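Chemist: Give the three-dimensional model of this entry:
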Amino acid sequence: MFARTIGDGAELRPFEPWQAAEFAAHAQRVRADIEQYIPWARTVVDEKSARELLQSYADRQAKDRGRMYGIWVDGVLQGGTVFRTFDAQQGVCEAGVWLAPEARGRGLVTAAVRVMIDWAIGVRGMHRVEWLCDPRNTASAAVAKRLGMTCEGVLRQGFVLGGERRDVQVWAVLDEEWTG
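Modeler: Numbering: from 1, shown residues only. Modelled structure (predicted):
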């Protein structure tokens, strides 16, 4: 177990299936605010579904294909980060995030993703870290920009959420561009 300080009273820690009850309660608390952008916000509705999602990321981590971390502020789960995809052979991964409204504006997501990218590039030798977001999610795009990522374009109607086809903005940073 590890914890990385990412701000005053804020820590980034790995998520594990045994934290399903806490994750389910968090999902219930933030659902209305994040479900327009985060697919699991619609499917994590109780402890069982929370455990299934956390287990799927534990399985991905065991296969070196993804990871999930939580952001705790003063001991309360307020958000998280993921390597939604992680392909060490190709050297490409995708980072994603969410954060409760009451924890925003403190730079926690930027700090957490900076830790993730430092590890992915510096330790795991990733060549490319991607960030995909709905173009309407201007806060997400702003984080990508603060991290020094380049907006490479938009995949028109490249994602379905709640039966609606959505555009996907593609941001990325390459290892030689990363300054941490």
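
Chemist: Residue 136 belongs to a strand?
Modeler: No. Going by DSSP: H, G, I helix; E, B strand; the rest coil, the assignment for residue 136 is coil, not a strand.

Chemist: so residue 78 sits right up against residue 97, yeah?
Modeler: No. Counting by C-beta atoms under 8 Å, residue 78 stays clear of residue 97, with 11.4 Å between them. Using the backbone N, CA and C atoms, a C-beta is placed for each residue, glycine as well.

Chemist: What segments of the protein are helices?
Modeler: 20-34, 40-43, 47-62, 108-117, 138-146 (DSSP state H).

Chemist: What are the buried residues along the first one?
Modeler: In this case it means helix 20-34. Within helix 20-34, the residues that count as buried by 16 or more other C-beta atoms under 10 Å are 20, 22-24, 26-27, 30, 33-34.

Chemist: How about the third one?
Modeler: Along helix 47-62, the positions that meet the burial threshold by neighbour count (16+ other C-beta under 10 Å) are 49-51, 53-54, 57-58, 60-61.

Chemist: Adding distance to residue 172, write those residues out as a markdown table.
Modeler: What follows is the buried residues of helix 47-62, written out as a markdown table (distance: C-beta to C-beta, whole Å):
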| residue | distance to residue 172 |
| --- | --- |
| 49 | 31 |
| 50 | 30 |
| 51 | 32 |
| 53 | 25 |
| 54 | 27 |
| 57 | 22 |
| 58 | 27 |
| 60 | 20 |
| 61 | 22 |
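
Chemist: Looking at these, point me to the pair that's furthest apart.
Modeler: 49 and 61 (19.1 Å; C-beta to C-beta).

Chemist: measure the closest residue in space to residue 169 that isn't next to it in sequence to residue 3 for me?
Modeler: Nearest residue to residue 169, sequence neighbours excluded (C-beta to C-beta, 6 or more residues apart in numbering): residue 135, at 4.7 Å. Noted for residue 135: a distance of 34 Å to residue 3, by C-beta to C-beta, to the nearest Å.

Chemist: Check residue 124 too.
Modeler: Plainly put, residue 124 is 20 Å away from residue 3 if you go by C-beta to C-beta.

Chemist: what's the answer for residue 146, then?
Modeler: Taking C-beta to C-beta, one finds residue 146 at 23 Å from residue 3.

Chemist: How about residue 175?
Modeler: 26 Å.

Chemist: and if you look at residue 107?
Modeler: From residue 107 to residue 3 the distance is 18 Å (C-beta to C-beta).
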